[in-house]
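# One predicted model, sequence on top.
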Amino acid sequence: MGRLQKALHRIFSDPDRSLDIRNIKYLPRWAVLLIDIGLVSISIIFTILILLDLSPFQYTLISYFDKAIMVVAVNIFYFYIFKTYAGIIRYSSNIDALKLLLATISTFITLVVINYVVYFSIDEKIFLIGGLLINLWISFSLLFLFRLGVKQVYEYFKLAQKDEKLIKAVILGVDENAISIAGALDIEHPKRFKIVGFLTNNTHKSLQILGKPVLKHTSKIHEEVASLGAEAIIFSEHSFTPEEKFKLVEECLEHDIAVYNAPLVSTYDNENDQPIANKVKSLQIEDLLERDPIELEVQNKIEQLTGKTILVTGAAGSIGSEIVRQVAEYNPKKLIILDQAETPLHNLQLEIENSFPKLNFRPIVSDVSNSRRLAALFANNQIDVVYHAAAYKHVPLMENNPHEAIFVNIHGTKNLADLAVEYNVGHFVMVSTDKAVNPSNVMGASKRAAEMYVQSLYHNQRAKGPETTKFITTRFGNVLGSNGSVVPLFKKQIEKGGPVTITHPDIIRYFMTIPEACQLVLEAGAMGKGGEIFVFDMGEPVKIMDLAIKMIKLAGYTPNKHIKVKITGLRPGEKLYEELLNDECKTLPTHHKKIMIGQDVVRDYEVINDKIEKIIKSAYKLKNDKVVAKLKDLIPEFKSNNSAYERLDKTPELKKN
């Protein structure tokens, strides 16, 4: 008895739970099938014993052994047809019971048909009909009780678990997905959540689902959550608009209610060896900043891209790689992906080879400032469309290395634009930034110079005759999840325990997602007639301080208690807010309400080209002050902020030297 107690103690107290029966994943299909065959064999033995006890009369056309083989064979056939062995036993449901019933009834009917076919053929029967009915009842009962027993044993051991701290949560929604999530979380092991109720927009009185109350949620959702004794809420309903979701989450965070996102059950597979509780994730800030997806025309992009040769520069970057993925969907004739970053380009190559095995694509390692390399590329490929996403974008780095911003952002753009005209490229779409508007730093000014050059080049070629290349610019703000953006930075800082660093408490930014940004780029390329700057309606700006506070709360921490928020001061060239249009720029609507055309003042190409040539020459001499001074001369609205180059604004004569 003492040994038995020790063994039981070991099973339930083993630190790594290697002996815990609750850690058994699931029986393989072949094992379930073998068990089912064994149970059918037992039911045959019971049937024979019952029949022998009831009556001495039996049909003797074939032996009991042959009869048993026939019954087992027909059962196996219908087990296969109805896949009765395919489910995980501990998750058995009414559907599984129905499958068993159909399989056993089908077996009974088949054996009856065989019985009478033989009877009408040779005037003898194989089975007693009563015996087949008895066998039907016994076999179904054994198969059903086996599954019910395994499920109950599993539930017993699951309930015996004492050392897990469960999160009491309510599920927002009462649709099929919500009910399925609640049911799955309730039977999952190891348990993570204890579902205590549901919240819904609809009015329900005295309604319960899965034995749990359903409440109508109002504007004070925290009160309903508290009334159910919960400490967390799980979003399972995906019908909320981003604005509605944002308000609900804000209220929850204000009252220290944890917020989670649940997956769609249709994407969940019990056999992927991952508990559904692991798929219920903490709500991410991206879920709140995302807006309703923009609906764009597909046909115009099919005409633009299908069967064409496409060049994407900066292809290994956040924006460039997503452009590559989206363009690949349109089955281009050839897709050329160019970047100077070797390893990211190699990773993208492997991804494209895996996702689009039939795509004709070519990776090119090159810097866009390498004019000879680009010239050979254009000469050897009849390029139809260029998506120019290659650029240096980090404001502080470019403020300290202005010549590098010139090499890539200006000289690289000029190289590509000139070659596009020379080789009759149909469309040239340039990715720009809101930092190009009234620039306060070198990076933004370099992008504004690039915008000015492609616009003036377009109007110059148009003035000389029918234009060959349509130059189009897209301008948008910060992109969620892009390399170096603030959201992944904050995530890393929170993971490390803080502090979360913010340059200024009042700084605000516009945000959009990477897919949104790239949809805009593709749409602009398709709708552009040439010379436009397309501006995206980015919604309301986000205060970075509020963003940091929400991210800390969503991670389950209290700001300035668990995770400190540290103000570091504005970086060189950084603005408190960004703009999408300057004072001189007018806007025109397009066929899409979220996309506008900014009509900028067009500068003379000869003047722009001459000044840009001088800027490039200064950059190659590595004279930072002269480079920035000439940039300011080209772009009068370029006023440095919190930068060493502010003195150039105070000494105008330096700009012309």
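Perfect, I can see it now.

# Going by C-alpha atoms from here, please, whenever you check contacts or count neighbours.
OK.

# Can you give me the buried ones in stretch 72-86?
72, 74, 75, 76, 78, 79, 82, 83, 84, 85, 86 (16 or more other Cα atoms under 10 Å).

# Check the offset of that stretch from the chain's centre.
Relative to its parent chain, stretch 72-86 has a centroid offset of 39 Å by Cα atoms, centre = their mean, to the nearest Å.

# And the contacts of that stretch?
Residues outside stretch 72-86 that contact it (Cα atoms under 8 Å, 6 or more residues apart in numbering): 29-30, 32-33, 36-37, 40-41, 96, 99-100, 102-104, 106-107, 110-111.

# and if you look at stretch 458-465?
467, 468, 469, 470, 471, 530, 531, 602, 604, 605.

# how does it look with 7 Å?
For stretch 458-465, contacts defined as Cα atoms under 7 Å, 6 or more residues apart in numbering pick out 467, 470, 471, 531, 605.

# Before we go further, the fourth one is sitting in a helix, right?
No: remark: residue 531 does not belong to a helix; assigned using DSSP: H, G, I helix; E, B strand; the rest coil, it is coil.

# Surely it and residue 471 touch.
Yes: taking Cα atoms under 7 Å as the definition, residue 531 is a contact partner of residue 471 at 5.5 Å.

# If you count surrounding residues, which of the two has more?
Counted by other Cα atoms under 10 Å, residue 531 and residue 471 do not tie: residue 471 has more neighbours, with 30 against 25.

# which residues does that one contact?
427, 428, 429, 454, 455, 458, 530, 531 are the contacts of residue 471 under Cα under 7 Å, 6+ apart.

# hmm, 6 Å instead?
428, 530, 531 (Cα atoms under 6 Å, 6 or more residues apart in numbering).

# Secondary structure and distance to residue 222 for the buried residues of stretch 72-86 - can I get that in JSON lines?
Formatted as JSON lines, the buried residues of stretch 72-86 follow (DSSP: H, G, I helix; E, B strand; the rest coil; distance: Cα to Cα, whole Å):
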{"residue": "72", "secondary structure": "helix", "distance to residue 222": "58"}
{"residue": "74", "secondary structure": "helix", "distance to residue 222": "58"}
{"residue": "75", "secondary structure": "helix", "distance to residue 222": "55"}
{"residue": "76", "secondary structure": "helix", "distance to residue 222": "54"}
{"residue": "78", "secondary structure": "helix", "distance to residue 222": "52"}
{"residue": "79", "secondary structure": "helix", "distance to residue 222": "50"}
{"residue": "82", "secondary structure": "helix", "distance to residue 222": "47"}
{"residue": "83", "secondary structure": "coil", "distance to residue 222": "45"}
{"residue": "84", "secondary structure": "coil", "distance to residue 222": "44"}
{"residue": "85", "secondary structure": "coil", "distance to residue 222": "45"}
{"residue": "86", "secondary structure": "coil", "distance to residue 222": "42"}
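
# Mind putting those into TSV with distance to residue 199 and pLDDT?
As requested, the buried residues of stretch 72-86 are arranged in TSV below (distance: Cα to Cα, whole Å; pLDDT from 0 to 100):
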residue	distance to residue 199	pLDDT
72	50	90
74	49	90
75	45	90
76	45	89
78	43	88
79	41	86
82	37	85
83	36	84
84	36	82
85	36	76
86	34	76
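
# ok, back up a step: check the contacts of stretch 458-465 against residue 438 and report the nearest one.
Within the contacts of stretch 458-465, the smallest distance to residue 438 is 19.4 Å, found for residue 531 (Cα to Cα).

# The strand or helix carrying residue 490: what's the following helix or strand?
Using DSSP states H and E, residue 490 sits in helix 486-495. With elements assigned by DSSP H and E, the helix or strand that comes after helix 486-495 is strand 500-502.

# Show residues contacting that next one.
493, 565, 566, 567, 568.

# and the least confident of the contacts of stretch 458-465?
Among the contacts of stretch 458-465, residue 467 has the lowest pLDDT, at 68.

# Can you show me the helices along the stretch 101-250 of the chain?
Taking DSSP state H, counting those that start in this stretch, the helices of the stretch 101-250 of the chain run over residues 129-159, 176-187, 221-227, 242-254.

# Adding distance to residue 422, write those out as CSV.
Output for the helices of the stretch 101-250 of the chain, formatted as CSV (distance: least, Cα to Cα, whole Å):
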stretch, distance to residue 422
helix 129-159, 72
helix 176-187, 57
helix 221-227, 62
helix 242-254, 46
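
# Let's have those in TSV, adding mean pLDDT.
Output for the helices of the stretch 101-250 of the chain, formatted as TSV (pLDDT from 0 to 100):
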stretch	mean pLDDT
helix 129-159	80
helix 176-187	74
helix 221-227	80
helix 242-254	75
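
# With residue 332 as the reference, name the closest of those.
Among the helices of the stretch 101-250 of the chain, if distance is taken as Cα to Cα, the winner is helix 242-254, at 34.1 Å.

# Off-centre distance for the closest one?
Offset of helix 242-254 from its chain centre (Cα atoms, centre = their mean): 21 Å.

# helices or strands next to it in the packing?
Counting contacts by 3 or more Cα pairs under 6 Å, 6 or more residues apart in numbering; DSSP states H and E, there are no secondary-structure elements packed against helix 242-254.

# try 8 Å
Judged by 3 or more Cα pairs under 8 Å, 6 or more residues apart in numbering; DSSP states H and E, helix 242-254 is in contact with helix 221-227, strand 258-261, helix 285-289, helix 544-554.

# quick one: which of these is nearest residue 181?
strand 258-261 (10.9 Å).

# is it true that residue 169 touches residue 199?
No: using Cα atoms under 8 Å, residue 169 is not in contact with residue 199; the gap is 10.7 Å.

# What are the boundaries of the strands in the stretch 201-350 of the chain?
208-209, 212-216, 232-235, 258-261, 281-282, 309-313, 334-339 (DSSP state E, counting those that start in this stretch).

# go on, the stretch 451-600 of the chain?
Under DSSP E, counting those that start in this stretch, the stretch 451-600 of the chain gives strands at 470-476, 478-480, 500-502, 508-509, 511-513, 533-536, 542-543, 565-567, 586-589, 595-599.

# Least confident of the strands of the stretch 201-350 of the chain, on average?
strand 281-282 has the lowest average pLDDT among these, namely a mean of 55.

# any residues touching the helix holding residue 490, and which ones?
Counting by Cα under 8 Å, 6+ apart, residues outside helix 486-495 touching it are 480, 481, 499, 500, 501, 548, 551, 552, 555, 563.

# What are the buried residues along it?
486, 487, 490, 491, 493, 494.

# Take that helix, keep the C-alpha atoms, and write them as PDB.
Output in PDB follows, covering the C-alpha atoms of helix 486-495 (Å, rounded to 0.1, in the frame of the first residue of the first chain):
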ATOM      1  CA  VAL A 486       8.600  52.900 -32.800                       C
ATOM      2  CA  VAL A 487       6.200  49.900 -32.100                       C
ATOM      3  CA  PRO A 488       8.800  47.100 -32.300                       C
ATOM      4  CA  LEU A 489      11.200  49.400 -30.400                       C
ATOM      5  CA  PHE A 490       8.700  49.800 -27.600                       C
ATOM      6  CA  LYS A 491       8.000  46.000 -27.600                       C
ATOM      7  CA  LYS A 492      11.700  45.200 -27.100                       C
ATOM      8  CA  GLN A 493      12.000  47.800 -24.300                       C
ATOM      9  CA  ILE A 494       8.900  46.400 -22.500                       C
ATOM     10  CA  GLU A 495      10.200  42.800 -22.900                       C
END
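
# Measure how that helix sits relative to helix 544-554, angle-wise.
Interaxial angle of helix 486-495 relative to helix 544-554 (axes from the mean of the first three to the mean of the last three Cα atoms, to 10 degrees): 50 degrees.

# mean confidence for helix 486-495?
On average, helix 486-495 scores 80.

# from the chain's centre, how far out does it sit?
So, by Cα atoms, centre = their mean, the centroid of helix 486-495 is 18 Å from its chain's centroid.

# isn't residue 386 right up against residue 424?
No: Residue 386 is beyond contact range of residue 424, at 11.3 Å (criterion: Cα under 8 Å).
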